[in-house]
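J.: turn this into a model:
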Amino acid sequence: GPQAWQARAKHAQRAMEPTPSPKGYRRYDSSAFWDGWYAQQEDTPVEWTAQPSSGVMDRVKKALAKLPASEDGAKPVVCELGCGNSSFTLMLRDLGFEVVGVDFSREVITANRLRHPTIRWECADALKLSDVFGASHFDCIIGKTLLDCFMTRRDAPTAIRTLLEQCRHVLKDHGMLVFLDKSSAYHTIGRGRAEQVCIGNGRSMTLHTLKAAAHKVGDDDDKGNVGANQWELRLPALGGHLTTRVTGGNGVLTIWTVDAVAVDTGLRSGDRLVGFDLKDGKGMQIGKPRELARLLKEAAGPLHVLAERPVPNTTAESGMQAPVERIKRVYSRRSSSQTDHLRRLQRARMLTSGSVPALKGAPDPRPKISEHTHAGAGLFL
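T.: I've put the predicted structure just below:
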């Protein structure tokens, strides 16, 4: 009745409002917290994960090697965002780049300037980079465990959208954005390529690489990125938490239905599983959808897969969205309501913050795979 609807509305409103954190709780979005924390560390470098291995640095170097060479021979300018007092900035410098360390803790920036005076250090909020740096300032921005901190925020989708907007503003048109985190945020960003890299002792991190979009595009279509976004994913044993179908002739396995457990891995209905890696030395095996379906059903432990998410095109002449693949949605009642509610709530947070432009014109009556709004839409490929 009306009372139930009012209660639900109040609950949704409270969920969208920030709440004060309890005494002693780590507020990663507070510079005051980090100032106090770094003051206690004195001169001890802190690595939130293990020291980046040579293999990790080789992957980072390979990704940054795609940056175009400067006409005047100058070194690419790389920003390490959220640098803290780790040695990652020094390792990037040793790769041959001009590095700028950026953090919003004045305590750690002051200490870094005294410790390494030959490197440029700037105190800036990742959500307000344009207050310190001009447009098209950097060739590349790289953040180590930055998204791990952002994902702990209650307003994570909105904050990540603002982060990407600020990064795009200070990046050059050929610029690149790289994240190295313990967990993947691809399901929130929705653009680029993510892969697992080993950091030693059986542990891994997610290397997420994005290319700057040279122009504004719609929410669900990136011109110049026709086809699909691919990323590597380490899936737990999902069992009956998703259903798949073999798409005839193209050698991929299509995700047909997902529940809340499968959604937490970043997968959604309409995604395609392209290959799998059993870590037996054979590498990523492509074009074996039936074997992959069997592995998903029978696997008792984690399974490394290569997933892709189709990106609808637009026709240049009319600007209308091209037809998208029709996916029959056969979610269970519970999983469908939970998934759709989370997506609507996330979209509402982003719209109320003003970080997502309002849709123009009449809504497209044709069905889409998802109502989810990606934080990287229109900014990165």
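
J.: and the pLDDT for residue 103?
T.: Predicted confidence (pLDDT) for residue 103: 93.

J.: from what I can see it touches residue 79, true?
T.: No - using Cβ atoms under 8 Å, residue 103 is not in contact with residue 79; the gap is 10.8 Å. Quick note: C-beta positions are derived from backbone N, CA and C, even for glycine.

J.: when those two are compared, which one has more neighbours?
T.: Each of residue 103 and residue 79 has its neighbours counted (other Cβ atoms under 10 Å); residue 79 has more, 31 against 25.

J.: got any ranges where the stretch 1-150 of the chain has weak pLDDT?
T.: Across the stretch 1-150 of the chain, the ranges flagged by pLDDT under 70 are 1-27, 37, 42-50.

J.: now swap in the stretch 251-381 of the chain and tell me
T.: Ranges of the stretch 251-381 of the chain meeting pLDDT under 70: 311-373.

J.: what ranges do the strands span in it?
T.: In the stretch 251-381 of the chain, the segments counted as strands under DSSP state E, counting those that start in this stretch are 252-258, 272-277, 285-286, 303-311.

J.: of those, which is nearest residue 51?
T.: Nearest to residue 51, of all those, is strand 303-311, at 23.8 Å by Cβ to Cβ.

J.: now that closest one and strand 272-277, what's the angle there?
T.: Computed by axes from the mean of the first three to the mean of the last three Cα atoms, to 10 degrees, the angle separating strand 303-311 from strand 272-277 equals 150 degrees.

J.: just checking, what packs against strand 303-311?
T.: Helices and strands touching strand 303-311, by 3 or more Cβ pairs under 8 Å, 6 or more residues apart in numbering; DSSP states H and E, are strand 227-235, strand 272-277, helix 289-298.

J.: adding distance to residue 169, write the ones you listed out as TSV.
T.: As requested, the helices and strands packed on strand 303-311 are exported to TSV (distance: least, Cβ to Cβ, whole Å):
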stretch	distance to residue 169
strand 227-235	22
strand 272-277	33
helix 289-298	41
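
J.: put together JSON lines for these, with mean neighbour count and distance to residue 108 on each row.
T.: Shown next, in JSON lines, are those (neighbours: other Cβ atoms under 10 Å; distance: least, Cβ to Cβ, whole Å):
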{"stretch": "strand 227-235", "mean neighbour count": "18", "distance to residue 108": "32"}
{"stretch": "strand 272-277", "mean neighbour count": "21", "distance to residue 108": "38"}
{"stretch": "helix 289-298", "mean neighbour count": "16", "distance to residue 108": "44"}
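
J.: hang on, residue 56 in a helix?
T.: Yes - under DSSP: H, G, I helix; E, B strand; the rest coil, residue 56 sits within a helix.

J.: what is the neighbour count of it?
T.: Look at residue 56: counted by other Cβ under 10 Å, it has 23 neighbours.

J.: now it: how far from residue 269?
T.: As judged by Cβ to Cβ, to the nearest Å, residue 56 and residue 269 stand 33 Å apart.

J.: for residue 298, same thing?
T.: According to Cβ to Cβ, residue 298 stands 22 Å off from residue 269.

J.: pull the contacting residues for residue 147.
T.: Residues near residue 147 by Cβ atoms under 8 Å, 6 or more residues apart in numbering: 160, 179, 181, 183, 185, 208.

J.: what's the most distant pair in the residues you listed?
T.: 160 and 183 (13.0 Å).

J.: between these two, who's got more neighbours?
T.: residue 160 (24 against 12).

J.: from the contact counts, what lies against the helix or strand where that one lies?
T.: Per DSSP states H and E: residue 160 is located in helix 156-170. In terms of contacts (3+ Cβ pairs under 8 Å, 6+ apart), helix 156-170 is packed against strand 138-144, helix 146-150, strand 171-181, helix 186-189, helix 333-353.
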